[in-house]
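Novice: I would like the atomic coordinates for the input below:
(3 chains)
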Amino acid sequence: MKNFTCVQDLGDIQSALKEAFEIKKDRFQYAELGKNKTLMMIFFNSSLRTRLSTQKAALNLGMNVIVLDIAQGAWKLETERGVIMDGDKPEHLLEAIPVMGCYCDIIGVRSFARFENRDDDYNEVIINQFIQHSGRPVFSMEAATRHPLQSFADLITIEEYKKTARPKVVMTWAPHPRPLPQAVPNSFAEWMNVTDYEFVITHPEGYELAPEFVGNARVEYDQMEAFKDADFIYAKSWGSYAADTYGQVLSKDRNWTVGEKQMAVTNNAYFMHCLPVRRNMIVADEVIESPQSIVIQEAANREISATVVLKKMLESLK
Amino acid sequence: MKNFTCVQDLGDIQSALKEAFEIKKDRFQYAELGKNKTLMMIFFNSSLRTRLSTQKAALNLGMNVIVLDIAQGAWKLETERGVIMDGDKPEHLLEAIPVMGCYCDIIGVRSFARFENRDDDYNEVIINQFIQHSGRPVFSMEAATRHPLQSFADLITIEEYKKTARPKVVMTWAPHPRPLPQAVPNSFAEWMNVTDYEFVITHPEGYELAPEFVGNARVEYDQMEAFKDADFIYAKSWGSYAADTYGQVLSKDRNWTVGEKQMAVTNNAYFMHCLPVRRNMIVADEVIESPQSIVIQEAANREISATVVLKKMLESLK
Amino acid sequence: MKNFTCVQDLGDIQSALKEAFEIKKDRFQYAELGKNKTLMMIFFNSSLRTRLSTQKAALNLGMNVIVLDIAQGAWKLETERGVIMDGDKPEHLLEAIPVMGCYCDIIGVRSFARFENRDDDYNEVIINQFIQHSGRPVFSMEAATRHPLQSFADLITIEEYKKTARPKVVMTWAPHPRPLPQAVPNSFAEWMNVTDYEFVITHPEGYELAPEFVGNARVEYDQMEAFKDADFIYAKSWGSYAADTYGQVLSKDRNWTVGEKQMAVTNNAYFMHCLPVRRNMIVADEVIESPQSIVIQEAANREISATVVLKKMLESLK
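Specialist: Presented below is the predicted three-dimensional model:
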């Protein structure tokens, strides 16, 4: 595996899951693999879970870690040719990115959608520049349109908790005061679509995700209908993808907040969320505190998904 | 030792001191103990000595270290149940803290008193939340009411320099432009009270510390009287503890600044301070630059106290 | 080698170069040398290349690394004696610096010229205070007047690419919107002056560097004349050194921008710059993107120069 930005990069999903469960039994069994290898983690956006779990994964594998925080906007890179750089951009990406590649073996990049221009976001300009110019294998620590380390951890969690071979998994939109990127729901849908689970997406009209991520999922606008007999509820808020309302909040309807009423029609479903979660907007206290809530276990699996991905990248270096 | 927030957690003090002196002779002798163990250091307040010495201690023991800086106020955690989280708090502590515990083996927390509400400060809300919800052993890197790694280093230093079995140790208040937390003087008193030293506290009227920390110490309002025949002078400024003036500066009287006049009545006492120290407010240049000043040796012992504490916590993990 | 702030500290330059090329073949061959040794990197100014390459160098040698970011101005140290410290400076350097030395084995310091007072800058007040008071060997990660890790990397790069025993090396001033410190050009001149290269400095009148750095270099005010038959072009902007205009921008004349016109009169010269570089101010797109541009290779050698310097410092610790 050279780069890791989406589910296809991981190769055979069943074999990756097998590796994940093997690593979870002893996460230090490959502690020699990363010896004298350096991971550079570059954050254009802030991070708690991704920062900690990826760093831990690299340490599991015996790697050295260098963390670089680049406040959004603070590090303005020129991207055009021909510009006389006498303004506020002190460096061109064509120099900056190869230099970062000089001092490490693998690069992780976090860079969110900016919600300024849909094409720019969906072209994944920043992470693609690292892939093209750094000279190193690159993995996503959440990019504009996907968050594959999260989705892989989600998949591991479902595999751990599922009680039937083909569980019903429902991803539901939920209200939030601010418009959030589509990276997590896009990516979750993409990963669910390579399993043989029954996968349903539910959201108010107007919140349709990009068709290439929805894939073969069933879209159901009636949340209660969608929840019926579900085995897993995956809640997430996101801003509009539609061309004319891109990045906007279209609804804050708290009827969509996942509460006991909705959970009652499920098949005693597990509740999942990538965190951080706003209680009583996304989910009611009673649901997230119930025994069916597996949000902490899901977060803990972030270490496992990152360890598998870094292990595969290290093996490809040799 | 599971958690470490006060002197009682350390167990037998003489045995802990013996361990400290043994480690000081070769601080890398337990470099295998922390292999594949990760320390997470979480700073709600800034830090120089504590950050560096604790990190060094963890490295002495072969641990991995992850540092998380959380600017005071920037990371607003909801703590109440039932709140509709549509405001400026993006996460509830009941999710945030267990997640941090997922990616490490031991957690260090620094969180100062806020001087807004005495009960909140003295209930140690933040560090107790980590103890309750993180699922990991937790130690204080200075909490609202105590700074035990400092006090342990102070005790080690006194043991190194004392010339009699039962030295006279005097803790004196001193002026400062801003009100400082009581964590250092509280904690120092608590640790002195488990020794058989002669221990005296001196300060202007109104600066009384909480009775549970003063314990059996003699309180003397006349600084010159207190200093007579002292073997160690421990200077520190603090804000008022009294209910009606909590967190205020009651005096900036520079007659309390430790100068040659005061030191002259001591038994050629050593001068100690936890640093940073404001010269000619807390202590005169002549005193802190004299051969009797052991403030740097005291700071160096921060590495030793942290190494002992982390060693004991690592041993309890097994 | 105790401290490293200038070329003289490195000892015999040919032997240091030999070591550099040996390390470049296998940068992990001394991975045992730094075991249980801690590098503390202290940044008073921001850094990308120096931060990453020095950290990587320390990891190559098996050292532990602690990074301390001190925003310029945020950490105000009192430097005078006798001052009543009741203002905005919470600590005296006479305490702060020895304490930092307590927790590490080697200290790296970055502290730029402030362009407020030429004597203060050229006396190298900050790094000299660390040398005097820290109790540890200290190396420069760019100080007010020199950037020796950069210059050593530059020298390694020239040795790798030179086609004749005595290449012609031309350092040229170039325009920039802001006045930049003289550390890089001073230091490059100092290092070139210990080789037997033909070394020429070219800049507009008024931009003369300090005579002690210019040394025996030929100074040529006509850039085209200077470039004739050059084997290496080393471009850099700097602010005025003259007493009456110290730290000012005297010219933004883009006729000095290194373009194809100037490169055409060279001996197919290689183009070098320490980065970050402003395109079409310092150098035209066509030149920096040409096969003759070796700016990335030059940056990569920063890891090598830092590894050699830290290796020598570690050897001196024993």
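
Novice: isn't A:Asp88 right up against C:Pro177?
Specialist: No. A:Asp88 is not in contact with C:Pro177 according to Cβ atoms under 8 Å; the separation is 9.1 Å. The C-beta positions use only the backbone N, C-alpha and C, and glycine is treated the same way.

Novice: what about the two, which has more around it?
Specialist: C:Pro177 (16 against 8; other Cβ atoms under 10 Å in any protein chain shown).

Novice: Identify the residues contacting the closest residue to that one other than its chain neighbours.
Specialist: Among residues not flanking C:Pro177 along the chain, A:Asp86 sits closest, at 4.6 Å (Cβ to Cβ, 6 or more residues apart in numbering or on different chains). Contacts of A:Asp86 were listed using Cβ atoms under 8 Å, 6 or more residues apart in numbering or on different chains, and they are C:His176, C:Pro177, C:Lys252, C:Arg278, C:Met281.

Novice: Three-state assignment for A:Asp86, please.
Specialist: Classification of A:Asp86 using DSSP: H, G, I helix; E, B strand; the rest coil returns coil.

Novice: okay, it: pLDDT?
Specialist: On the pLDDT scale, A:Asp86 is placed at 92.

Novice: Number of residues surrounding the residue of the stretch 151-300 of chain A found nearest chain C?
Specialist: As assessed by Cβ to the nearest Cβ, chain C sits closest to A:Pro276 within the stretch 151-300 of chain A, at 25.8 Å. Counted with other Cβ under 10 Å, residues neighbouring A:Pro276 total 17.

Novice: got the contact list for the nearest residue to it once chain neighbours are set aside?
Specialist: Residue nearest to A:Pro276 in three dimensions, not counting chain neighbours: B:Glu91, with 3.7 Å by Cβ to Cβ, 6+ apart. By Cβ under 8 Å, 6+ apart, the contact list for B:Glu91 reads A:Leu275, A:Pro276, A:Val277, A:Arg278, B:Leu77, B:Glu78.

Novice: ok, and the most crowded of those residues?
Specialist: Of all the contacts of B:Glu91, the highest neighbour tally under other Cβ under 10 Å goes to A:Arg278, namely 25 neighbours.

Novice: quick one, what contacts the closest residue to A:Pro90 other than its chain neighbours?
Specialist: Using Cβ to Cβ, 6+ apart and skipping residues adjacent in sequence, the residue nearest A:Pro90 is C:Pro276, 5.1 Å away. C:Pro276 makes contacts with A:Pro90, A:Glu91, A:Glu95, A:Ala96, C:Leu48, as judged by Cβ under 8 Å, 6+ apart.

Novice: Check A:Gln297 too.
Specialist: When contacts are counted by Cβ under 8 Å, 6+ apart, A:Gln297 touches A:Thr157, A:Glu160, A:Tyr161.

Novice: For my notes, confirm A:Ser15 occurs in a helix.
Specialist: Yes. Counting by three-state DSSP, A:Ser15 is part of a helix.

Novice: Could you give the number of residues near it?
Specialist: By other Cβ under 10 Å, the residues close to A:Ser15 number 10.

Novice: Pull up the per-residue confidence for it.
Specialist: If you check A:Ser15, the pLDDT there is 97.

Novice: and if you look at A:Glu286?
Specialist: Looking at A:Glu286, the pLDDT reads 97.

Novice: is it true that it touches A:Glu260?
Specialist: Yes. Judged on Cβ under 8 Å, A:Glu286 makes contact with A:Glu260 at a distance of 5.4 Å.

Novice: These two - which one has more neighbours?
Specialist: For A:Glu286 versus A:Glu260, neighbours defined as other Cβ under 10 Å are more numerous around A:Glu286 (14 against 10).

Novice: who's in contact with the more buried one?
Specialist: Counting by Cβ under 8 Å, 6+ apart, A:Glu286 touches A:Gly259, A:Glu260.

Novice: helix, strand or coil for it?
Specialist: Assignment for A:Glu286 (three-state DSSP): helix.

Novice: now it: how far from A:Lys261?
Specialist: Distance, A:Glu286 to A:Lys261, by Cβ to Cβ, to the nearest Å: 10 Å.

Novice: Dead centre of chain A: give me the residue that sits there.
Specialist: Chain A has A:His147 as the residue nearest its centroid, 2.0 Å off, counting by Cα atoms, centre = their mean.

Novice: so who does it touch?
Specialist: Neighbouring residues of A:His147 by Cβ under 8 Å, 6+ apart: A:Ser140, A:Ala183, A:Val184, A:Ser187, A:Cys274.

Novice: repeat that with 7 Å
Specialist: A:Ala183, A:Val184, A:Ser187 (Cβ atoms under 7 Å, 6 or more residues apart in numbering or on different chains).

Novice: Next, format those residues as a markdown table and append neighbour count and pLDDT.
Specialist: What follows is the contacts of A:His147, written out as a markdown table (neighbours: other Cβ atoms under 10 Å in any protein chain shown; pLDDT from 0 to 100):
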| residue | neighbour count | pLDDT |
| --- | --- | --- |
| A:Ala183 | 24 | 98 |
| A:Val184 | 22 | 98 |
| A:Ser187 | 27 | 98 |
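
Novice: Filter the residues you listed down to just the ones in helices.
Specialist: Judged by DSSP state H, those include A:Ala183, A:Val184, A:Ser187 as members of helices.

Novice: and these near chain B, which?
Specialist: By Cβ under 7 Å from any Cβ of the partner chain, no member of the ones in helices among the contacts of A:His147 lies near chain B.

Novice: from memory A:Asn301 sits against A:Ala153, does it?
Specialist: Yes. Using Cβ atoms under 7 Å, A:Asn301 is in contact with A:Ala153, at 4.0 Å.

Novice: who touches both of these two?
Specialist: Counting by Cβ under 7 Å, 6+ apart, no residue touches both A:Asn301 and A:Ala153.

Novice: Identify the residue spatially nearest to A:Asn27, adjacent ones excluded.
Specialist: Slight slip there: residue A:27 is Arg, not Asn. Spatially, and ignoring its direct neighbours in sequence, A:Arg27 is nearest to A:Asn60 (4.7 Å; Cβ to Cβ, 6+ apart).

Novice: Residues contacting stretch A:127-141, please?
Specialist: With Cβ under 7 Å, 6+ apart as the test, stretch A:127-141 has contacts from A:2-5, A:41, A:47, A:50, A:54, A:93-94, A:97-98, A:100-101, A:104-111, A:143, A:146, A:148-149, A:309, A:313, A:316.

Novice: Who are the contact partners of the residue in the stretch 201-318 of chain A that chain C sits nearest to?
Specialist: Here the residue of the stretch 201-318 of chain A nearest chain C is A:Leu317; by Cβ to the nearest Cβ that distance is 14.3 Å. If a contact means Cβ under 7 Å, 6+ apart, then A:Leu317 has A:Lys37, A:Asp105 as its contacts.

Novice: Can you tell me which of the contacts of A:Gln297 is nearest A:Thr172?
Specialist: Within the contacts of A:Gln297, proximity to A:Thr172 (Cβ to Cβ) peaks at A:Thr157, which comes in at 16.7 Å.

Novice: residues near that closest one, how many?
Specialist: 24.

Novice: So it is in contact with A:Ala299, correct?
Specialist: No. Here A:Thr157 does not reach A:Ala299: they are 9.2 Å apart, not a contact under Cβ under 7 Å.

Novice: Can you check my assumption that A:Val65 lies in a strand?
Specialist: Yes. Assessed by three-state DSSP, A:Val65 belongs to a strand.

Novice: my guess is it meets A:Gln55, correct?
Specialist: Yes. The pair A:Val65 / A:Gln55 is scored as a contact, 5.4 Å apart, by Cβ under 7 Å.
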